[in-house]
Every structure is written in C-alpha cells, then in structure tokens.
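> structure for this input, please:
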Amino acid sequence: MNQKMKFREDGTFTIIQFTDVHWMDGLEKDNRSKAVMETVLNSEDADLVVFTGDLIYPTEDSATDPAVLMRQAVGPVASRGIPWAYIFGNHDTEHRITRTELIEAVMGEAHSMTQRGPEEIAGEANYIIEISGQSGDAEAALYFLDSGSYSCLPGVKGYDWIRRNQIDWYVEQSNKLADRSGRRLPSLAFFHIPLPEYDEVWSKGQCFGLKLENVCCPKVNTGLFAAMVEQGDVIGTFCGHDHLNDYWGEWHGIRLCYGRATGLNTYGREDFPHGARMIRLQEGTPGFQSWIRLESGEKIEQQEAAGTAE
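Coordinates of the predicted model:
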C-alpha cells in the first residue's frame, strides 16, 4: 500500500532533501550537522523531509547502537512533527546493523513515511508516496529506490546499482498509477548513488551548479534512466553520495539533481558550505522549483551555469 500525502490548499508541496548527514557519535561534528538541519528547517516550511542516504556512519568500534544514531540524526525533523522519508546509502549499514534491522527501526520512528517495500526485489525501502490534490485523487508521486552499496560482481569494481527487478517494479507501479489516474502522474525519484547519466549530462548537456569531484556512479548501467524516459512520468531525480557536487541538468526531459551535502562528519571543503536542496511541486503545474539553502541560512535561488571552481 502506497503512502499518501496531500498538496496544501495553495497547491504547493515542499520537500527538503538532506543528504549524507553521516551521523557518527552524537558529538561535536554531529551537533554541527544538527545545527545545519535546524537552520534549514527554521528557514523553510516543509511538507516532507527526504534523507537520501548515508544518514548514519556507524564504525566497527562505535559504542552507540546504529539504531540510536539514526534516532539522533532524524531528531531535528521528527521533533517538529514533520513527515520524513529515508533511503539507504552505501555507509548506513557497513557496521553492526543490517539493512533489514535498520529499516525496521526507521519505520518505527515517529512521523516516518518510510516503507520496507516488496521483499521479492533487490534492496530495502523501495516504495512510493502519492500526493493527492484537493479532489482527493493522486496528482503526483514520489519514488524511493535503494541504490545499494558496493558491487558484488567479480571484475566489476566500485559502487552498486539499481537492479533490473527494481526497474521492472518501478515500471509496473508507474503503469498502475497511470491506469488509475487516466494519465501519467508527474513524479520525482530519490536514490543515493547517482546514475551514469549524471556524468553524461555534465559532459554533454547544460548544467547549473558545481561539480568539484568525479561522479561516483556505478560502472554498470542497468537502464533506470531509459525506463523513466520511456514511462514519461519522472520529471526529476535526486541523489547524494558525492559531497562536493550540487549541480543539476536536464537530460531527455528529466532534471537530474544532486542534493547539497548536509553532514560535517565526512569529507568536504571550506568553500563549499553544507546545506540542503529544496524542491517544490505545484498542483496542476508542469515541472518543479528547486533551490539550495545553506547552513548560514542563505538561499541560492538560481545556481550559476556550469562551472567548476578550482
């Protein structure tokens, strides 16, 4: 059963994307990450917060249960009563907790919209949130996909990829929503590891924002992007993973967007402040608005045309 939310009376639906929080021990750097989230939450009136992976960063010798780390990390959102959704990154379950254990803990937290998803497909937390209009009918959809962690195929190095049965599931769900609604619902997709097309749009298309590191996408392209183009419903995708990239570019009618790295317990640059990406849908209006909110409270409404800062 899909989770359901609703557009506001003014027709808007606003999402905060926090990514790569990397909550590790609840100490000094985590408190600074909390301050980043608090600033963004104070500056924006969100209907939903999405954590796009690497929410926690448990170590082998950590004294704190990873489930407790998760509760600490989502605390700034849950304490305000804001609904939130989560997808896995590659670091969340590296030590001392399994994906099954963590998803169960996430689902049990206050205001969590996260679902475990079908057991017969790869990963955990492959699910959908429908957004209803004033009539009560679904007007938009949010897809959440587990992009895995690391390649498990001999001879294929690097990061994992979204599997074929996940793509088949997406296509099936997209068709069901279209059959029920009589049209393709404008949709957004969230995952942690960028698709190979993120590299392609940077090298061949027009992008806005910064690329300060390589696109760490999988070496295998399983065709999720092609499926989304063919289905004609997804208008934007959102990932994290690469902490020094925040650009977006439109490729074959879909806006491929990076979030803005939120957490301080991992690598970064002093000249690349932490923050979040904002996303706003408007009922009955094509496309979406998006902007960056920084830890200082500054709003970057229009990102500059593609350029790489040295």
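> quick check: phi and psi at V106.
phi -60, psi -40 (degrees, to the nearest 10).
> isn't it up against Y86?
Yes - using Cβ atoms under 8 Å as the test, V106 is close enough to Y86 to be in contact (5.1 Å). In this view, the C-beta of every residue, glycine as well, is placed from N, C-alpha and C.
> give me the neighbour count for E28.
When neighbours are counted by other Cβ atoms under 10 Å, E28 registers 10.
> contacts only, for T237.
T237 makes contact with L188, A189, F190, F191, L195, F225, M228, I254, R255, L256, C257, according to Cβ atoms under 8 Å, 6 or more residues apart in numbering.
> find residues that contact each of V106 and Y86.
Joint contacts of V106 and Y86 (Cβ under 8 Å, 6+ apart) are S112, T114, A125.
> most neighbours among those, which one?
Of those, with other Cβ under 10 Å as the count, T114 tops at 23 neighbours.
> give the contact list for that one.
Applying Cβ under 8 Å, 6+ apart, the residues near T114 are W84, A85, Y86, I103, V106, M107, A125, Y127, F144.
> swap in G205?
G205 touches G249, E250, W251, counting by Cβ under 8 Å, 6+ apart.
> so for the residue nearest to G284 when sequence neighbours are not counted, what's the pLDDT?
Once flanking residues are discounted, G284 sits nearest to G11: 6.7 Å by Cβ to Cβ, 6 or more residues apart in numbering. In this model, G11 is scored at 98, pLDDT.
> L27: how many residues sit nearby?
Neighbours of L27 using other Cβ under 10 Å come to 9.
> who is the spatially most central residue of the chain paired with across the strands?
The centre of the chain sits closest to T52, judged by Cα atoms, centre = their mean, with a distance of 3.2 Å. Here T52 sits in beta bridges with I87, going by DSSP bridges.
> contact partners for it?
17-20, 87, 89, 190-192, 238-240, 259.
> and the two most separated of the residues you listed?
Across the contacts of T52, the longest distance by Cβ to Cβ is 14.6 Å; it joins F18 and F191.
> backbone dihedrals for the closest residue to E301 other than its chain neighbours, both of them.
Using Cβ to Cβ, 6+ apart and skipping the chain neighbours, the partner closest in space to E301 is W291 (4.8 Å). Main-chain torsions, W291, degrees, to the nearest 10: phi -150, psi 170.
> hmm, W291 is touching I300, no?
Yes - if you go by Cβ under 8 Å, W291 and I300 touch, sitting 6.1 Å apart.
> how about the strands in the stretch 151-300 of the chain?
187-190, 207-208, 234-239, 248-251, 254-258, 275-282, 289-294, 299-300 (DSSP state E, counting those that start in this stretch).
> for these, which one sits closest to S149?
That would be strand 234-239 among the strands of the stretch 151-300 of the chain, by Cβ to Cβ, at 14.3 Å.
> which of the strands of the stretch 151-300 of the chain sits most buried?
Among the strands of the stretch 151-300 of the chain, strand 187-190 has the highest mean neighbour count (mean count of other Cβ atoms under 10 Å), at a mean of 26.
> run through who's touching it.
Taking Cβ under 8 Å, 6+ apart as the rule, strand 187-190 contacts 15, 17, 50, 52, 85, 87, 140-145, 170, 174, 228, 233-239, 279, 281, 288.
> list the strands paired with it, with their directions.
Under the rule (DSSP bridges), strand 187-190 has strand 138-144 (parallel), strand 234-239 (parallel) as partners.
> roughly how far is the shortest one from the heart of the chain?
In terms of Cα atoms, centre = their mean, to the nearest Å, the gap separating the centre of strand 234-239 from the centre of its chain is 9 Å.
> picking that back up, pLDDT and distance to D179 added to the contacts of T237, as CSV?
Shown next, in CSV, are the contacts of T237 (pLDDT from 0 to 100; distance: Cβ to Cβ, whole Å):
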residue, pLDDT, distance to D179
L188, 98, 20
A189, 99, 20
F190, 99, 23
F191, 98, 25
L195, 98, 27
F225, 98, 23
M228, 98, 18
I254, 98, 22
R255, 98, 26
L256, 98, 27
C257, 98, 28
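> what is the nearest of those to K157?
Among the contacts of T237, and counting by Cβ to Cβ, the member closest to K157 is L195, at 17.7 Å.
> which ones are touching that closest one?
So L195 contacts I162, C217, N221, L224, F225, T237, C239, L256 (Cβ under 8 Å, 6+ apart).
> so which of those residues comes closest to S79?
C239 (26.6 Å).
> the closest one and P196 touch, don't they?
No - counting by Cβ under 8 Å, P196 is not a contact partner of C239; they are 11.7 Å apart.
> let me know the closest of the shared contacts of V106 and Y86 to R71.
Once Cβ to Cβ is applied, the member of the shared contacts of V106 and Y86 that ends up nearest R71 is S112, at 10.6 Å.
> now do the same contact list for the closest one.
Contacts of S112 by Cβ under 8 Å, 6+ apart are V74, A78, P83, W84, A85, Y86, V106.
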